[in-house]
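>>> sharing a model that was predicted from the sequence below.
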There are 4 protein chains.
Amino acid sequence: MTDTGELLLNLLSPLLPAIADAAGENDRKGRFPAETFDALMAAGVLKATVPEEYGGLGVTNPHDVALALLHVAKADPSVALALHMQFSRGLTLAHDLREAPAATAQLMDGLLRLIGTKNAVITGAVAEAPGSTTVLQAEDGDGPLRLSGRKHFVTLAPAATHFVVSAQLHRAGRPPVAAAAVVPRDSHGLVVNDDWDGLGMRASGSVSVGFDGCRVPADAVQVRQAGDSDAALVGRTLSTVCMMGIYAGAAVAARDVAVAALRRRDLVAPSARSVVAEVEADLYALRSVGAAALTAIAAYLAEPAGAGQAMMGVFQRARVVTNRAAVAVVDACVSLVGGSAYNAAHPLARLYRDVRAGGLMQPYPGLAAIDYISEDVLTPT
Amino acid sequence: MTDTGELLLNLLSPLLPAIADAAGENDRKGRFPAETFDALMAAGVLKATVPEEYGGLGVTNPHDVALALLHVAKADPSVALALHMQFSRGLTLAHDLREAPAATAQLMDGLLRLIGTKNAVITGAVAEAPGSTTVLQAEDGDGPLRLSGRKHFVTLAPAATHFVVSAQLHRAGRPPVAAAAVVPRDSHGLVVNDDWDGLGMRASGSVSVGFDGCRVPADAVQVRQAGDSDAALVGRTLSTVCMMGIYAGAAVAARDVAVAALRRRDLVAPSARSVVAEVEADLYALRSVGAAALTAIAAYLAEPAGAGQAMMGVFQRARVVTNRAAVAVVDACVSLVGGSAYNAAHPLARLYRDVRAGGLMQPYPGLAAIDYISEDVLTPT
Amino acid sequence: MTDTGELLLNLLSPLLPAIADAAGENDRKGRFPAETFDALMAAGVLKATVPEEYGGLGVTNPHDVALALLHVAKADPSVALALHMQFSRGLTLAHDLREAPAATAQLMDGLLRLIGTKNAVITGAVAEAPGSTTVLQAEDGDGPLRLSGRKHFVTLAPAATHFVVSAQLHRAGRPPVAAAAVVPRDSHGLVVNDDWDGLGMRASGSVSVGFDGCRVPADAVQVRQAGDSDAALVGRTLSTVCMMGIYAGAAVAARDVAVAALRRRDLVAPSARSVVAEVEADLYALRSVGAAALTAIAAYLAEPAGAGQAMMGVFQRARVVTNRAAVAVVDACVSLVGGSAYNAAHPLARLYRDVRAGGLMQPYPGLAAIDYISEDVLTPT
Amino acid sequence: MTDTGELLLNLLSPLLPAIADAAGENDRKGRFPAETFDALMAAGVLKATVPEEYGGLGVTNPHDVALALLHVAKADPSVALALHMQFSRGLTLAHDLREAPAATAQLMDGLLRLIGTKNAVITGAVAEAPGSTTVLQAEDGDGPLRLSGRKHFVTLAPAATHFVVSAQLHRAGRPPVAAAAVVPRDSHGLVVNDDWDGLGMRASGSVSVGFDGCRVPADAVQVRQAGDSDAALVGRTLSTVCMMGIYAGAAVAARDVAVAALRRRDLVAPSARSVVAEVEADLYALRSVGAAALTAIAAYLAEPAGAGQAMMGVFQRARVVTNRAAVAVVDACVSLVGGSAYNAAHPLARLYRDVRAGGLMQPYPGLAAIDYISEDVLTPT
C-alpha cells in the first residue's frame, strides 16, 4: 500500500463505524444512504482517485483503491459498490487522458476538474434496460445531439451529478458507432428512478435511469474504441478490477462474524474446526490473487500501451478465484453460525446475498469469465 | 410410489399453480398463506398421512410423502416446509402408536383422530427462543401442569390448532426429564407471535410462540425417550426425513427456470453447457440419494424395533448430499441465468434463499450432520 | 438383487480372497492373472450372463452384474475390469438377439452357445491403436473377408478365445460402413501383444492386438447400426453401464482400508473426522446413483425399443457422479492414512491409480460425458 | 525475484532439458539420478543457498529458492524434491547461525563451510521407520555418543555426504531431550539402503538409512528447541516452505502438456474449454498464494525473533491451497488429454503420482495442516 493509499484509509476509517451500523436497515429497506455519501464527500473521499493537479488525492494505484474498498465492504458491501463507481471513474479518466486525442482530452480534463474541485459525483450508465437500445442521435452541423433510451443497474445514481452514458451514435450517412455521452443530472428528459430492488447490494442505489431526448453538446461525446481492442481491454479492466476488494471485504466480514461466534463457544465441534480452516485457506487464496492481480495490473499500466489482453487475462483468472472463494467463505460461515444466521436481520444473511453479486458483474458476467479465459489460453498469441 | 401416494399427488396437483403464483408475493411480504392451507384442508391433503382407520388417507410411506413435498416445493418451498410439519406429525404419531404404552397411546390416538376427522392442524414447538428454557411444572396430585417458556422457528404456527411442545418436566422429588405437551391454540397464556422474518422460507410461518403458565392436563403429557436411544433416533428420523423432498423440489424448480432460459438463447456458451451438465449430474445425485434413503428407511420401519441408528445413519448421509447438491444447483442456475436472477422478484433470487435452509434444520443442523456421520462410522458396533 | 444375482455372488465369493491377495503383485508386475480366469472359468462364473437356454447362469439384470463386479473390484479392480468384458458380452448378445435379423441372430446364437458350453472367452477390440484404421475388406462373391489393423486397450485379451473387432467394412462399389467381425484367437495373422503398461488397472490385460489380413467368413461379420441411433445407444449402454460397479468397489475398498486405520488410532483428529464423514457421504451418493441408474436401465430394457436416449441419459448422469465420487473417496482415504499410503506397495497407492480409469472409459470418455449431458438437456425432444 | 535468484536460475537452466529427458525412465525404474546431482554440483547449484562468505551463492530469499525449485519441478518433481533437501539445509543453517549459542554456531559454521567449499551434500533424516526410535546415547564424560535406529523417507540420501539425524538424546541422570546429530556417510554402522519405492517422486532417493551404534562426537550434536516454541516454528517453516514451488512446478508442467494437446485439436469441446479455464484459475491461485506466503515469510525473517507462529500460519494456509490446486490441476489435465494419459509412459501419468506427495509431507502432513490452521484461528492470541 502506498502513502496516498494510506492517506485515503485514514480519511475513511472514522466513517466506517457509522456505515456498518446503518448497513442492516439500509439493506432491509433497499435504501440508498445519501447521508453516507454526503459524509464521504465532506471527508474528501469522493475525489480520492483524481490526480492532485486536478484537486484530488492522487490515489492512482488500483491496489490502493481495492484495499480501501475492502475496508468499506467490511462495513457494508453496498456502499463499497456505489463508491467504486466514483473511484473507478477517477482512475479511468486519469489513465485515458494520457493517450487521448485533444478533443477527448478536454472532456476528460473537465470531468476530473469537476470531481476534484466541484463535488461532482459521476457514475456510468452501461447496461440497457430490457428492450431498450440507447441512441445518441446527431443533428446536422455541430449542434447538440439527442440521447434517448433506458439504462438499468446504474449504481450510485441517486447521488450522481453526472452520468456517462454508453450509447449508439447515429450520424447521417455514417454507420452507427459506440460512444459515451456525459449528461448532467439536471438535463431535461433525464429521470432517475427509485426502482432498485436486488437480491443483495440493496443499498447501492442500482436504479434505472431514463433518457428522453436529452440534449448533449458535441463536446460531451466521446467515440469509443472497438470492444475488443487492446485499449478497450485496458479501460474495461481499470473500471472494474478494484471490485475484487469489495468481495474480499464481504468475505472477511463474514469470517470475522463466524470466528467471533466460535470463540464464544465452550466447545467447537470437529466439523466446525475443519470448516473454519477451509475458510481461512479460501480467504488466503482470495486475498493473494487479488493482491497479485492488482499489483501486476499496476505494473502493466506503467508500461507503454499494448498490455490490455495481459491485464484482462490476469484479472479474469483472479476474479474467478475471488468470486468463488468469497461465496464459499460466506456460505461456510452461515454453516458455522447455524440457524441464527438464517434470520433476515443477521449480518450473515445480508452478506450471503451481497456477496453473490460478484460473479454477475461486468466485465464478463455470469459464466462469461470462464469463456474469456479459455479463449485466452487456447488462442496462441 | 405407492397407490396412496399417487392419490395424494392427484389431490395436490390442482392446487399447485395457485401456490406457485403466490410464491413471489408471499416471499416478499414474509406472509403465511392461510388461504393456501384452507384449500389444502378442503382438498383433504392435511390428513394425508393419518391412517385410514382414523379418517386419513393412509399415506404412510415416507417416500410418498417426500415426493409429494417435492412437487409442492417446486411451486413454493415455504409452503412445502409448513406442510411438512403436518405430514410428519401423522407419520410419527401412527408409528409411535404401534409401540406406545397404553397411556401414551390414548394421547396419540386422540391426536390422529383430531387430524383425521376434526380438521386439526398440529405443529411442533421444539427450538427454544434465545434465553428460554421451556418448563412443564407438575403440581401435587394428578392436577393439570403448567407450561412456561418461549419457542421459535415454530413453522406452520399461524395455521396450527394444536402445538406439541417439548419441555423439561419438573416433578417434585424427581429429576427433570424431557417431555412433550400437547397444547391447544386457544389455551390461556399461549401467544402466537407474528415475527417470522427469515433469509428465506419466508412464507412458512416459522414464528415464535410464547407459553405463560398454560394449563396442561396430565393426559396431554408424554415423557420422552432419552435423546440418543434407538427409539428416539427412529422418531427423529421419521419427523424430518421427508424434508429432503423439499430441497430436491427447490433444486428442480431452479433447474427448470435455468434450462428454459438457456433454450431461449440462440447460442449457449461453452461455459454454460458445462454448468448445465453439472446441474443435471447434481440433480441426479440428490434425487437418487433421497429415493435410496427413503426406500431404505421405509424398509427399516417395517422391521421390529432397533433400526434407529441404521435409519439415522442412512438419512444423514443422504441429507448431506441432498443439501449440498441442492444449494449447488440453485447457485449454478443463478450463474446460468446471469444478472436478471439478481433481481429480488426473480424466482431464482427466492430459491437461492429458500434452499439454504436445508443444511440448518433438525436433526443435526449446521455442520452437526458431519459430526454425526463421523461418530457413526468410527464407533465400532 | 435377484436370485440369480445372488447365485453368481455365491460362486464368486470363495475366489475373492485369492484375487485380493494377488492384487498387489500383479499390479506391480503389470501381469494378467491367467490362473484367476482359469478359476473363474472352473467355477462357472465366465458364463454367468449367458441365458440358461444356452448353458449359462442367466444373470441378465445389469444391476446384478454391477453388484458382482463391485465385489470383485473390492478385491482387485483390474480383475473386475477384465471380467466385465466377458460379462457385458453375454448381456449385449442376449439383448441384441431379441431384435436381430436372422443372419445376425445366427452369429449371436453361436457366440452365446460357445460361452455357455465351450468355455469361450470373448472380448471386444474397439479402440484403434495410434495411426491405425482397421479395415475389413470384402472380396468378390461370398468368400471370406480380410481383416487388417491394430487395436489397443483390448482388455482381457490374454485370456480371450475370440475377439469381436470393430472395423470399417469395404465392399466393392459401396460406401464403407461400420461392422464387427468375430475372429478366433488362433486366426492366422492375429497377434496378441504383451504390451499393457497402464498408470493403473495393470492386471487387466489391456494389451494391443494386431490383425494382418486375417480371414473372416462372411457369416462372422455383423454390420453395425449408425452410431447415434437409438439401438446403438442401447447397445453402448448395455456394454458399459455395469462398469460403475467397478469404481464403486474400488471406492469401498479404499474406505475400508482408511476406516480400519482410523479405528486403530487412539485419537482421531478433527480434520480426519470431517473427511471420513465426507467419504461416507460420497460413497452413499455413488452407490445410490449406481443403483438408481441400473434399476432404471433394467426397466427400460424390458420395454419395447426406443429408450436408448433415455437409458444413456441416465447412465451418463450417474456415471459422472460415480467417477468423481470414487476418485474423491480414494484421494480422501490417502489423506486419512497419510504418508504410508504413498508407498507403492500400499493398497491405497494401487487404488489411487486404478480408480482414475473410470472417467477415461467408453462411452464418452474424458470429458465427453459432460458434452453428452448438456446436449441431452438442451436439445428439446 | 532477486538478482542472486536470477543467477541461480541461469546456472540451472542449461541442465533442465537433460533432467526432463531422464524423468520418465528414472520414474519407471525408481532410480535416483546420481549423474544429475553430479552435474548440479559441477554447476555450483548445490551450494546456492549458502552465504557467500562461506563460499556459496548467497541465495537466501525463500521466494528465490521456491522459484528455482518450480523450474526444476517442471522438468522433474523428483529431482526438485531431492534438491530441496540441500537447498533448505543452507537456508536453515544460515538462519539458525544468527541466533545460535557459541557451541552450536561452530557446528553450523562448519557445515556451511563444508557445503560451500567441500562439495558436501547434506540431508536430514527425520521420520522414524516403522517400529524404530532413534536414540543418541551419551557415555560418561565428553566422549563420543552412540547413534542407533532407522529412519525412512530420507530423500537425497543416495547422494548425501552427511546426515543430520533427529534422535532422542539419552544422558545419564537426565530426562531424554530431542537432539540432532551430524553423521558423515562413511561412519561405521551407517547403511544407506536402496529401498525407495513410492507411488510417485520415485527418482527422489527417499530411501531408509540405518544407524547401528554410529560414533558421534559431542560437538556434532545439537540439542533441539521444544517442538512448539516460536523458534522451532521458524525452523520448521524455513526447512519446508520452499517445497510449494515443487508442486506449483508439477502443476505448470501438467498444464503445459494439456494445453499443447488441446491446441493440436481441430475442435475443442465445450467441456474441455471450461476445464482448461478452471485449470488456469487454479494455477493463478496456487502461484499467487505461494508468492504471497514466501514474500511474507521473507519479511518476517528479516524481523527480530517471535514471528514463528505468524510465519507458520501463513505457510499452512498457502500450503493447503497449493497442494489442493496442484492435485486438481493435474487431475483436470488427465481428463483434458484423455485415455492416452493413462499410459504409464505419459508425462501426466507420472505427474499424477508425483503431485500427490504434496499434502503428505512435513510439517503437518496428511490433514494435520487443517488442524493446525483451526487451532491457529480459534486460539486467541
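Ah, there it is.
>>> give me the low-pLDDT residue ranges for chain A?
For chain A, the stretches flagged by pLDDT under 70 are A:227, A:381.
>>> residues of chain A that sit close to chain C?
A:Ala269, A:Pro270, A:Ser271, A:Arg273, A:Ser274, A:Val275, A:Ala277 (CB under 8 Å from any CB of the partner chain). For glycine as for every other residue, the C-beta is placed from the backbone atoms N, C-alpha and C.
>>> surely A:Leu351 meets A:Val330?
Yes. If you go by CB atoms under 8 Å, A:Leu351 and A:Val330 touch, sitting 5.1 Å apart.
>>> possible to save the residues of chain A next to chain C as a markdown table with neighbour count?
Below are the residues of chain A next to chain C laid out as a markdown table (neighbours: other CB atoms under 10 Å in any protein chain shown):
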| residue | neighbour count |
| --- | --- |
| A:Ala269 | 20 |
| A:Pro270 | 22 |
| A:Ser271 | 24 |
| A:Arg273 | 23 |
| A:Ser274 | 26 |
| A:Val275 | 24 |
| A:Ala277 | 27 |
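>>> what's the angle from the host helix or strand of A:Ala272 to helix D:270-302?
In this assignment (DSSP states H and E), A:Ala272 forms part of helix A:270-302. Inter-element angle recorded for helix A:270-302 and helix D:270-302: 90 degrees (by axes from the mean of the first three to the mean of the last three CA atoms, to 10 degrees).
>>> quickly check: helix A:270-302 near chain B or not.
Yes. Using CB under 8 Å from any CB, we find that helix A:270-302 touches chain B at A:Pro270, A:Ser271, A:Ala272, A:Ser274, A:Val275.
>>> quick one, strands of the stretch 101-250 of chain A?
A:122-125, A:135-137, A:145-154, A:162-171, A:174-184, A:190-192, A:207-216, A:221-223 (DSSP state E, counting those that start in this stretch).
>>> adding mean neighbour count, write these out as a markdown table.
Putting those into a markdown table (neighbours: other CB under 10 Å) gives the following:
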| stretch | mean neighbour count |
| --- | --- |
| strand A:122-125 | 25 |
| strand A:135-137 | 20 |
| strand A:145-154 | 22 |
| strand A:162-171 | 21 |
| strand A:174-184 | 17 |
| strand A:190-192 | 16 |
| strand A:207-216 | 20 |
| strand A:221-223 | 19 |
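>>> could you export those to TSV, including columns for distance to chain D?
Formatted as TSV, the strands of the stretch 101-250 of chain A follow (distance: least, CB to the nearest CB, whole Å):
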stretch	distance to chain D
strand A:122-125	27
strand A:135-137	35
strand A:145-154	25
strand A:162-171	27
strand A:174-184	27
strand A:190-192	38
strand A:207-216	33
strand A:221-223	33
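>>> among the ones you listed, which comes closest to C:Ala157?
strand A:145-154 (61.7 Å; CB to CB).
>>> overlap of the contact sets of A:Leu351 and A:Val330?
Jointly contacting A:Leu351 and A:Val330 under the rule CB atoms under 8 Å, 6 or more residues apart in numbering or on different chains are A:Ala250, A:Ala254.
>>> more neighbours, these two?
The residue with more neighbours, out of A:Leu351 and A:Val330, is A:Leu351; 30 against 27, by other CB atoms under 10 Å in any protein chain shown.
>>> secondary structure element holding that one?
Going by DSSP H and E, A:Leu351 is part of helix A:347-354.
>>> can you name the residues that contact the residue nearest the centre of chain A?
The centroid of chain A falls nearest to A:His84 when counting by CA atoms, centre = their mean (4.0 Å). Residues near A:His84 by CB under 8 Å, 6+ apart: A:Leu69, A:Thr155, A:Cys242, A:Met243, A:Ile246.
>>> between those residues, which is closest to A:His95?
Using CB to CB, the contacts of A:His84 come closest to A:His95 at A:Cys242, 12.7 Å.
>>> what number of residues lie near the closest one?
A:Cys242 has 28 neighbouring residues, counting by other CB under 10 Å.
>>> hmm, it is touching A:Leu69, no?
Yes. Using CB under 8 Å, A:Cys242 makes contact with A:Leu69 at a distance of 5.8 Å.
>>> list residues touching both of these two?
Residues touching both A:Cys242 and A:Leu69 (CB under 8 Å, 6+ apart): A:His84, A:Phe87.
>>> give me the three-state assignment for the residue nearest to the centre of chain A.
What DSSP: H, G, I helix; E, B strand; the rest coil gives for A:His84 is helix.
>>> same for chain D: which of the residues of helix A:270-302 next to chain B are within range?
A:Ser274.
>>> go through the residues of helix A:270-302 next to chain B and name the one nearest chain D.
Nearest to chain D among the residues of helix A:270-302 next to chain B is A:Ser274, at 5.7 Å by CB to the nearest CB.
>>> contacting residues for the nearest residue to A:Ala120 once chain neighbours are set aside?
Once flanking residues are discounted, A:Ala120 sits nearest to A:Leu114: 3.7 Å by CB to CB, 6 or more residues apart in numbering or on different chains. By CB under 8 Å, 6+ apart, the contact list for A:Leu114 reads A:Ala120, A:Ile122, A:Thr161, A:His162.
>>> out of those, who's nearest chain C?
The closest of the contacts of A:Leu114, once distances to chain C are taken by CB to the nearest CB, is A:Ile122, at 42.0 Å.
>>> in the sheet, who's paired with the residue lying closest to A:Val135 once chain neighbours are set aside?
Nearest residue to A:Val135 in three dimensions, chain neighbours excluded: A:Gln168, at 5.2 Å (CB to CB, 6+ apart). On the basis of DSSP bridges, A:Gln168 is bridged to A:Val135, A:Ala178.
>>> what sits against A:Gln168?
A:Thr133, A:Thr134, A:Val135, A:Leu136, A:Pro176, A:Val177, A:Ala178, A:Ala179.
>>> and the fourth one, how far is that from A:Pro144?
Between A:Leu136 and A:Pro144 the distance is 10 Å, computed by CB to CB, to the nearest Å.
>>> what's the overlap in contacts for those two?
Common neighbours of A:Leu136 and A:Pro144 (CB under 8 Å, 6+ apart) are A:Val216.
>>> packing partners of the helix holding A:Leu351?
Judged by 3 or more CB pairs under 8 Å, 6 or more residues apart in numbering or on different chains; DSSP states H and E, helix A:347-354 is in contact with helix A:16-29, helix A:77-99, helix A:244-263, helix A:308-337, helix B:347-354.
>>> I'd like those laid out as JSON lines, including distance to D:Gly200.
Below are those laid out as JSON lines (distance: least, CB to CB, whole Å):
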{"stretch": "helix A:16-29", "distance to D:Gly200": "49"}
{"stretch": "helix A:77-99", "distance to D:Gly200": "43"}
{"stretch": "helix A:244-263", "distance to D:Gly200": "34"}
{"stretch": "helix A:308-337", "distance to D:Gly200": "27"}
{"stretch": "helix B:347-354", "distance to D:Gly200": "42"}
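>>> of those, which is nearest B:Gln106?
Among these, helix B:347-354 comes nearest to B:Gln106, with 38.8 Å by CB to CB.
>>> who's in contact with the one residue in the stretch 51-200 of chain A that gets nearest to chain B?
The stretch 51-200 of chain A approaches chain B most closely through A:Leu199 (4.1 Å), counting by CB to the nearest CB. With contact set as CB under 8 Å, 6+ apart, A:Leu199 has these partners: A:Arg353, A:Arg356, A:Ala357, B:Ala341, B:Tyr342, B:Asn343, B:Ala344, B:His346, B:Ala349, B:Tyr352, B:Arg353.
>>> same question for A:Tyr300.
A:Tyr300 makes contacts with A:Ala307, A:Ala310, A:Met311, as judged by CB under 8 Å, 6+ apart.
>>> from these, pick the one nearest chain C.
Set against chain C, the nearest of those by CB to the nearest CB is A:Ala310 (28.1 Å).
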